[in-house]
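**Student:** Quick one, fold the following:
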Amino acid sequence: MTESPRPRRRRPRGQDSPELVARLERSHQRSLERRAAATEREKTITRAVGDYLTAWQAISAVEDRRDRDVAALREQIDAVLARAASDITTYEQAQAAAAAAVRAHVQSDEELADLLEITVKRARQLLAVWRTADTEPLPASATPHPRTPQARKLAAPRNLSADAQSNREAAPGSTSDET
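**Tutor:** Alright, predicted model coming up:
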């Protein structure tokens with residue numbers, strides 16, 4: 001072992017002045033207070049970090065529950081929308097059948113629109129729905145008006161040949177639907 005070039009000088013304890021002893025004691029006390037304050041700060045920081053992480057975990061749980069609830073509500077909304085669309089389709093088909101029954105007794109789409117208090121465009125849309133839907137034929141009491149295109153098709157004149165009849169039906173201006 002090598003000794004340090006300057007040997008440590010020991011002060012004899014008995015020779016310390018009371019002022020030095022008091023200063024050392026105050027220094028030691030400040031050091032203890034600083035350590036206690038640092039320990040208290042560390043405890044406070046640890047508690048705050050724990051509170052933060054607990055709140056983060058709670059937030060994550062709430063967000064997960066929220067997302068599950070929103071997904072369930074969206075499924076319910078989709079089911080409600082699907083049921084409503086199905087019901088609306090059913091009622092629109094009923095409207096279309098009713099419009100077709102009325103149309104069988106009037107001379108034009110305009111008259112149909114006027115009776116139903118709708119636009120001519122909507123009246124024609126309803127008639128198109130009725131034509132494309134799998135609907136039952138009109139009841140016997142709902143016989144077509146003789147001037148409607150449907151009535152002309154049903155009651156074709158007997159003196160025309162089949163070719164003349166098909167030409168007459170396909171000819172522009174042969175229906176009263178046009179405005």
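**Student:** Which parts of this structure are helices?
**Tutor:** 18-103, 109-116, 120-132, 149-154, 162-170 (DSSP state H).
**Student:** Which of those helices sits closest to R6?
**Tutor:** Taking CB to CB, helix 18-103 is the member of the helices of the chain nearest to R6, at 21.6 Å. C-betas here are computed from N, CA, C, even on glycine.
**Student:** from memory L127 sits against A101, does it?
**Tutor:** No. Counting by CB atoms under 8 Å, L127 does not reach A101; the two are 10.9 Å apart.
**Student:** re earlier: give me whichever of the helices of the chain is most buried.
**Tutor:** Most buried of the helices of the chain, by mean neighbour count (mean count of other CB atoms under 10 Å): helix 109-116, with a mean of 18.
**Student:** who does that one touch, helix- and strand-wise?
**Tutor:** Under the contact definition 3 or more CB pairs under 8 Å, 6 or more residues apart in numbering; DSSP states H and E, helix 109-116 sits against helix 18-103, helix 120-132.
**Student:** hang on, the earlier thing: want to try a markdown table for the helices of the chain, with mean pLDDT as columns?
**Tutor:** Converted to a markdown table, those look like this (pLDDT from 0 to 100):
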| stretch | mean pLDDT |
| --- | --- |
| helix 18-103 | 95 |
| helix 109-116 | 95 |
| helix 120-132 | 94 |
| helix 149-154 | 40 |
| helix 162-170 | 41 |
